[in-house]
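> The amino acid sequence is not available; the structure is as follows:
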């Protein structure tokens, strides 16, 4: 739910961010190195020697009015707080959306709590995704059957040629030999 909402906001409001909307997936990050690595990938910033937090701060400042979505930030919350505080202090035009189960607890933080889906909404979402998967599988199955049908046609043609070609050669020889 949180990721879907953050990404939906980013796509819907892309034009409002001339510096771009940047999605950083922190799901696999477990420490500072993993966190800054994931953010560098999300921002498409190659990290060099030196302080990676500082390098990312320069990159964010350089993007100007941008939105950085930090997804699953709770994975690296302790390391994220000081880094975000530094970036917020330097990149006045940048905005951050952090999806997390925990609050950051930094100045300027605004909380938007995402409640669990109701049973009805959750069921509708589940059925919609199940229908989409079924349609994808039906399309794949149809393609597979068409390919099998084409292969059967080719094998049938090959067998027919293998059976009839010798007879055609015999008939051609009978027709051509008397004229010689």
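That came in fine, so what should we check first? All of these numbers come straight from a predicted model, not from anything done at the bench.

> tally of neighbours for the closest residue to residue 30 other than its chain neighbours?
For residue 30, ignoring the flanking residues on the chain, the nearest one in space by CB to CB, 6 or more residues apart in numbering is residue 75 at 6.4 Å. Just so you know, the C-beta spots here come from the backbone N, C-alpha and C atoms, and that holds for glycine as well. For residue 75, the neighbour count with other CB atoms under 10 Å is 20.

> Give me the phi and psi for residue 75.
Note on residue 75: backbone dihedrals following degrees, to the nearest 10 are phi -60, psi -30.

> Who are the contact partners of it?
26, 27, 28, 29, 30, 34, 35 (CB atoms under 8 Å, 6 or more residues apart in numbering).

> Not counting its neighbours along the chain, what's nearest residue 76?
Going by CB to CB, 6+ apart, residue 76 has residue 35 as its nearest residue, at 3.7 Å.

> quick one: contacts for the one you found?
Contact analysis of residue 35 by CB under 8 Å, 6+ apart lists 26, 29, 75, 76, 79, 80, 83.

> Make CSV from those residues and add secondary structure, distance to residue 95 and pLDDT to it.
Shown next, in CSV, are the contacts of residue 35 (DSSP: H, G, I helix; E, B strand; the rest coil; distance: CB to CB, whole Å; pLDDT from 0 to 100):
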residue, secondary structure, distance to residue 95, pLDDT
26, coil, 17, 89
29, coil, 21, 89
75, helix, 21, 81
76, helix, 19, 85
79, helix, 20, 83
80, helix, 15, 83
83, helix, 15, 87
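
> can you redo the contacts of residue 75 as a markdown table with secondary structure and distance to residue 18?
Formatted as a markdown table, those follow (DSSP: H, G, I helix; E, B strand; the rest coil; distance: CB to CB, whole Å):
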| residue | secondary structure | distance to residue 18 |
| --- | --- | --- |
| 26 | coil | 25 |
| 27 | coil | 28 |
| 28 | coil | 30 |
| 29 | coil | 28 |
| 30 | coil | 34 |
| 34 | helix | 30 |
| 35 | helix | 26 |
